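> Any chance you could fold what I've pasted below:
(one chain, ligands or ions: 1)
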Amino acid sequence: MIDNERLASAIKIMLNPSRYKICEGCSSIVSIGTRICPNCHAYRYNDDEDYVVKQAEILGKSEQTSVTKDDLFT
Ligand SMILES: [Zn+2]
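Presented below is the predicted three-dimensional model:
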């Protein structure tokens, strides 16, 4: 099944990687202003833009990386 919403989110992130960061606990992509990860409650992040883009690519291709809609569409 193709998940268009997931792909759209991935593209949005790849276009604006500076607005996102990666949770080091669960590899979720969250908005840059997030303090505590809504998925795993970690508070350590990697905000390297290349890494964010790489994770977004993975997000667009697989089901393994989760993303929180609340963060992406606020
Ligand atoms: Zn997390």
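> all contacts plus neighbour counts: C-alpha atoms, from now on.
Noted.
> residues in contact with residue 24?
With contact taken as C-alpha atoms under 8 Å, 6 or more residues apart in numbering, residue 24 is in contact with 42, 44, 45, 46.
> Then residue 51?
By C-alpha under 8 Å, 6+ apart, the contact list for residue 51 reads residue 22.
> Phi first, then psi, for it.
Per-residue torsions, residue 51: phi -70, psi -40 (degrees, to the nearest 10).
> returning to that earlier point: of the contacts of residue 24, buried ones?
Buried by 16 or more other C-alpha atoms under 10 Å: residue 45, out of the contacts of residue 24.
> could I get the contacts of residue 24 as TSV with pLDDT?
Shown next, in TSV, are these (pLDDT from 0 to 100):
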residue	pLDDT
42	96
44	97
45	97
46	98
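> Relative to the ion, which of the contacts of residue 24 is nearest.
Nearest to the ion among those is residue 42, at 5.3 Å by C-alpha to the ion.
> just checking, that closest one is part of a helix?
No: counting by DSSP: H, G, I helix; E, B strand; the rest coil, residue 42 is not found in a helix; it is coil.
> I figured it hits residue 23, correct?
Yes: assessed by C-alpha atoms under 8 Å, residue 42 is found in contact with residue 23 at 7.1 Å.
> Report how many residues lie close to residue 7.
Using other C-alpha atoms under 10 Å, residue 7 has 18 neighbouring residues.
> And the residue most central in space within the chain, what's its pLDDT?
Centroid-nearest residue in the chain: residue 29, 1.8 Å away (criterion: C-alpha atoms, centre = their mean). According to the prediction, residue 29 has pLDDT 95.
> these two touch, right, it and residue 52?
Yes: look at residue 29 against residue 52 with C-alpha under 8 Å: they come within range, at 7.4 Å.
> list the residues that contact both of the two?
By C-alpha under 8 Å, 6+ apart, the residues touching both residue 29 and residue 52 are 20, 21, 22.
> Settle this for me: the first one is touching residue 12, isn't it.
Same thing as residue 20. No: taking contacts as C-alpha under 8 Å, residue 20 lies outside contact range of residue 12: 10.2 Å.
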